[in-house]
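Got a predicted model here, sequence first, then my questions.
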Amino acid sequence: MEIQVKFSKGVAVVSIVGDMDTNGAQELDHVFKKLFQEQYVRIVADLQGLAYTSSAGLRALIGGVREARQLDGDLRLASVQPEVNKVLDFTGFISVLKIYDDIASAVDSFEQE
């Protein structure tokens, strides 16, 4: 799994590529914590390249959402692939998360608040 962070309009865009297992989830947790420490609380997780996530990966995403919202920000998902979307739907997380078709829509949604 590979994680890259870029910035667009003051929003941190975290791109996740590959399969997210326990090790990947720990890496993602670390990335989120670093962003929060640097005062980035508006985050978009770009899941275009994420083909699979384990339960640990789901916990990392939900943990990121909770932390961001506690800091008056949010973590939003973009470009969720069908297999990952099925897992989010099955677990009920889809009702908690804000999901957008693409990165631009997710980034722009922060400006509409």
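That came through, no problem. Numbers count the residues shown, from 1 in each chain.

tell me which element the residue nearest to Tyr100 when sequence neighbours are not counted is part of?
Spatial nearest neighbour of Tyr100, chain neighbours left out: Ala106 (3.9 Å); criterion: Cβ to Cβ, 6 or more residues apart in numbering. Using the backbone N, CA and C atoms, a C-beta is placed for each residue, glycine as well. Element membership for Ala106 (DSSP states H and E) is helix 103-111.

what do you get for Leu58?
Judged by DSSP H and E, Leu58 forms part of helix 55-70.

other SSEs contacting that helix?
strand 11-20, helix 22-37, strand 42-53, strand 74-78, helix 82-91 (3 or more Cβ pairs under 8 Å, 6 or more residues apart in numbering; DSSP states H and E).

mean confidence for it?
Across helix 55-70, pLDDT averages out at 96.

Taking helix 82-91 as reference, get the angle to that helix.
Here the directions of helix 55-70 and helix 82-91 differ by 70 degrees (axes from the mean of the first three to the mean of the last three Cα atoms, to 10 degrees).

Name the residues of helix 55-70 that are buried.
Using 16 or more other Cβ atoms under 10 Å as the test for burial, helix 55-70 gives Ala56, Gly57, Leu58, Arg59, Ala60, Leu61, Ile62, Gly63, Gly64, Val65, Glu67, Ala68.

how much space between the fifth one and Glu2?
Remark: distance between Ala60 and Glu2 (Cβ to Cβ, to the nearest Å) = 15 Å.

and if you look at the last one?
Relative to Glu2, Ala68 is positioned 22 Å away (criterion: Cβ to Cβ).

what's the answer for the first one, then?
Between Ala56 and Glu2 the distance is 17 Å, computed by Cβ to Cβ.

what's the answer for Gln48, then?
12 Å.

Find residues that contact each of those two.
Jointly contacting Gln48 and Glu2 under the rule Cβ atoms under 8 Å, 6 or more residues apart in numbering are Val17.

who's more crowded, these two?
Using other Cβ atoms under 10 Å as the criterion, Gln48 and Glu2 rank with Gln48 on top: 13 against 10.
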